[in-house]
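Asks: model this:
(chains A and B)
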Amino acid sequence: MAIDFSVVETSVGPLLKGLAVTAHVCVLGIPAGIAAGTVAAYCREAPARAVRALASAYVEVVRNVPFLILVYLSFFGLPKLGIAMSAFAIGVVATAFYTGGYFCEILRAALHSLPRGQLQAARSLGLSEWHTQRYVVLPQIFGFLAPATTSLTIMMFKDTSVFSVMSLAELTYQSNLLTADTFAYVEVLGTTALIYWACSVLLDVAGQWSERYATRYRRA
Amino acid sequence: MSLAMPAVLAQMFAACAPFVHDFATGAATTIGSSVAAFALGTLIGVVLLVVRQRGGRVLAACVVVYVSLIRGTPALIQMLVAYYVLPAVLNIPLAPLPAGILALALNTAAYISEILRGALNSLGRGQLPAARALGMNGWQVWRYIVFPQLFYRSIPPLTSEFTMLLKASSLMSIIAVHDLATAARDATLQTNLPLQLFSVTAVIYFAILFVVSAASRRLERRVAKVLPHGH
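Replies: From the prediction side, this is the model:
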């Protein structure tokens, strides 16, 4: 079978436009999710039982319900509740919601990897709760968080392809439009896959770099 | 809130009542194809691992590229490739269900081979020379020493990989496989009750995966009893 490179050439423009939307969703959604996950992680250690239960219910929903179903539920269900949101806004919120559930577990594992004695030692040295977190906990857990957060980021970046079902004009949606138009499945899907792959590899490299940076004190 | 709860639940299940049969067959397809894809994926994953470890430089590099490609592209795109591109390239017709299972298997194989490779690197370094010294040949070492330990050690990550796989199986609905997600979407198109139908669907997925995690925890405890301490 022959590959028609002229189709590849004309597809690149629309696909990159789609990639911009994908990137936009990720840039807004993933950091918001990391913030939500941090809150959820501290809620899971909260003194109030109801707060703990709510936080773990959140994590369990994220871990046990497909992203696609949550997207369908929000996209078709929210208007029924009288909530009007654009596909883009739903995409950002869904990305944040899902990222948060996974990041909560990553952060908890990181926090539990620290020996408890360190916190008590820091407090007995007169460090405030905030200073303990900032100068004792944070620098150490960064090295632990970096690789897991990198794979989470790549996972969510790929999962945004699901937003094509709500006609959000991201990368996969643009690819679907092009294949419906040209029937050049090999060329268009191949180019799309290569774009996703290149971005994932770049994210992975950035993640490795940040891990080296976060653990530089271990080699000092 | 607490008063409205039973009414809401009753309404939810009433909305699903006409579709019980579709949901049940959809759930069966979801579970069946996930199990099939996981079995096939484990087989391919083991082959990938062995090729990477023993297959020479060129083949090992091919495995590395394959794993990176699978891990770097969305499962949804892989699903579309399996359905639209693979039949054209291989010149064979491929129905949605086998295409979906194949896509899931090829996807999970890459992750499984990485999980097993992680477990392989955690094995004691003296074990392999010791096995060779006892007179085992290469195949026997893998069969009796390496594989059993790899799988025992990998139960928790393999379970979480199965969870991811079963969630990803919902993407088969994009290529018109009649799985649980498709049943939910079709029912919604007929009734216009998305909140009720997709909530129930979410509950069904949740219940299936909850059982999987519980079973895995039991298995882990049993294996922990069998394995020597400090493994």
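Asks: and chain B, which residues reach chain A?
Replies: B:68-69, B:71-78, B:80-81, B:84-85, B:88-89, B:163, B:167-171, B:173-174, B:181, B:184-185, B:188, B:194-195, B:198-199, B:201-202, B:205-206, B:209-210, B:213 (CB under 8 Å from any CB of the partner chain). C-beta coordinates here come from the backbone N, C-alpha and C atoms, glycine included.
Asks: which among those residues count as buried?
Replies: Burial by neighbour count, 16 or more other CB atoms under 10 Å in any protein chain shown: within the residues of chain B next to chain A this picks out B:69, B:71-78, B:80-81, B:84-85, B:163, B:167-171, B:173-174, B:181, B:184-185, B:188, B:194-195, B:198-199, B:201-202, B:205-206, B:209, B:213.
Asks: low-confidence regions, chain B specifically.
Replies: Scanning chain B for pLDDT under 70 picks out B:1-5, B:227-231.
Asks: one more pass at 90, please.
Replies: Filtered on pLDDT under 90, chain B yields the residue ranges B:1-20, B:53-56, B:88-93, B:121-132, B:135-153, B:155-156, B:192, B:213-231.
Asks: so in it, which helix runs the longest?
Replies: Taking DSSP state H as the criterion, chain B has its longest helix at helix B:20-54.
Asks: one more: chain A?
Replies: Longest helix of chain A, by residue count under DSSP H: helix A:5-43.
Asks: in the following helix or strand past it, what counts as buried?
Replies: The helix or strand immediately downstream of helix A:5-43 is helix A:49-64, counting by DSSP states H and E. Within helix A:49-64, the residues scored as buried using 16+ other CB under 10 Å are A:55, A:58, A:59, A:62, A:63, A:64.
Asks: SS state for residue A:140?
Replies: helix (DSSP: H, G, I helix; E, B strand; the rest coil).
Asks: what's the neighbour count on it?
Replies: Neighbours of residue A:140 under the rule other CB atoms under 10 Å in any protein chain shown: 19.
Asks: just the ones in helices from the residues of chain B next to chain A, please.
Replies: Going by DSSP H, the helices hold B:68-69, B:71-72, B:75-78, B:80, B:88-89, B:163, B:167-168, B:181, B:184-185, B:188, B:194-195, B:198-199, B:201-202, B:205-206, B:209-210, B:213 from the residues of chain B next to chain A.
Asks: quick check: closest non-adjacent residue to residue 132.
Replies: Answering for chain A, as no chain was given. residue A:122 (4.3 Å; CB to CB, 6 or more residues apart in numbering or on different chains).
Asks: not quite, I wanted chain B
Replies: Per CB to CB, 6+ apart, closest to residue B:132 is residue B:141, 6.6 Å.
Asks: am I right that that neighbour is in contact with residue B:130?
Replies: No - counting by CB atoms under 8 Å, residue B:141 stays clear of residue B:130, with 9.6 Å between them.
Asks: have a look at these two and say which one is more surrounded.
Replies: Between residue B:141 and residue B:130, residue B:141 has the larger neighbour count (other CB under 10 Å), namely 18 against 13.
Asks: check contacts around the more buried one.
Replies: By CB atoms under 8 Å, 6 or more residues apart in numbering or on different chains, residue B:141 lies in contact with B:128, B:131, B:132.
Asks: the closest residue to residue A:18 other than its chain neighbours - how many residues pack around it?
Replies: Of all residues beyond its chain neighbours, the one nearest residue A:18 is residue A:174 (3.3 Å), with distances taken as CB to CB, 6+ apart. Using other CB under 10 Å, residue A:174 has 23 neighbouring residues.
Asks: kindly report the same for residue A:5.
Replies: A count of nearby residues for residue A:5, using other CB under 10 Å, gives 9.
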